[in-house]
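1. Got a predicted structure plus its sequence, pasted below:
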Amino acid sequence: MSKLRHIAIAVSNTDESARFYEQAFGLKRVRESTSAILLSDGVISLAILDNRTSHEALGENGLHHFGFIADDVAEAAASAEANGAIYADKAENVSKRFANRGDTENGEVKAAARQQDQRKYLDPNGIKFDIVNGEHARNSWRLNV
């Protein structure tokens, strides 16, 4: 069974937004990159995407996507597709995400990062969501799964 564990929002001031969620709800910063600040309460990851620098959130504002952790990403993806989801990622986005997270060296994805699996989809309403494995949740979302 897949578990909902990630929400991403797009904003113009990531630091100001992160401070709000830290101060108002006690979330902790768990990772920062050139395009996002990630916060967590230990169970759910909140990604605050910079809508000026994130290649996936340029010009967007508000809820961007949500994400599921799955024991078997391929199985969860097949089920999503069988129920109307459409794969919505591009190779250049995948490589930019690895680079933004510091998971590349000399232009190549580091060996440890290759264990991560992340697939982006649109649901039948056009809402974006991710399906990821535990390695991705631990490395990118910084969740202890």
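-> Cool, the structure landed.
2. Any buried residues in the longest helix seen in the chain, and which?
-> Residue-count comparison of every helix in the chain, with assignments taken from DSSP state H, identifies helix 14-25 as the longest. Neighbour counts over helix 14-25 (16 or more other C-beta atoms under 10 Å) mark 14, 17, 18, 21 as buried. Using the backbone N, CA and C atoms, a C-beta is placed for each residue, glycine as well.
3. pretty sure the second one is touching residue 48, no?
-> Yes. Under the contact definition of C-beta atoms under 8 Å, residue 17 touches residue 48, with a separation of 4.9 Å.
4. Quick check: neighbours shared by the two?
-> 9, 11, 37 (C-beta atoms under 8 Å, 6 or more residues apart in numbering).
5. quick check, nearest of those to residue 61?
-> When those are compared for distance to residue 61, the smallest value, 6.7 Å, is given by residue 11; criterion: C-beta to C-beta.
6. Against residue 119, how distant is the spatially closest residue to the closest one that is not a sequence neighbour?
-> Spatial nearest neighbour of residue 11, chain neighbours left out: residue 17 (4.7 Å); criterion: C-beta to C-beta, 6 or more residues apart in numbering. Between residue 17 and residue 119 the distance, using C-beta to C-beta, to the nearest Å, works out to 26 Å.
7. before we move on, the earlier item: tell me the strands beside the helix or strand following the longest helix of the chain, with direction?
-> Per DSSP states H and E, helix 14-25 leads on to strand 28-32 as the next helix or strand towards the C-terminus. Each strand that strand 28-32 pairs with, and the sense of that pairing, follows from DSSP bridges: strand 36-40 (antiparallel).
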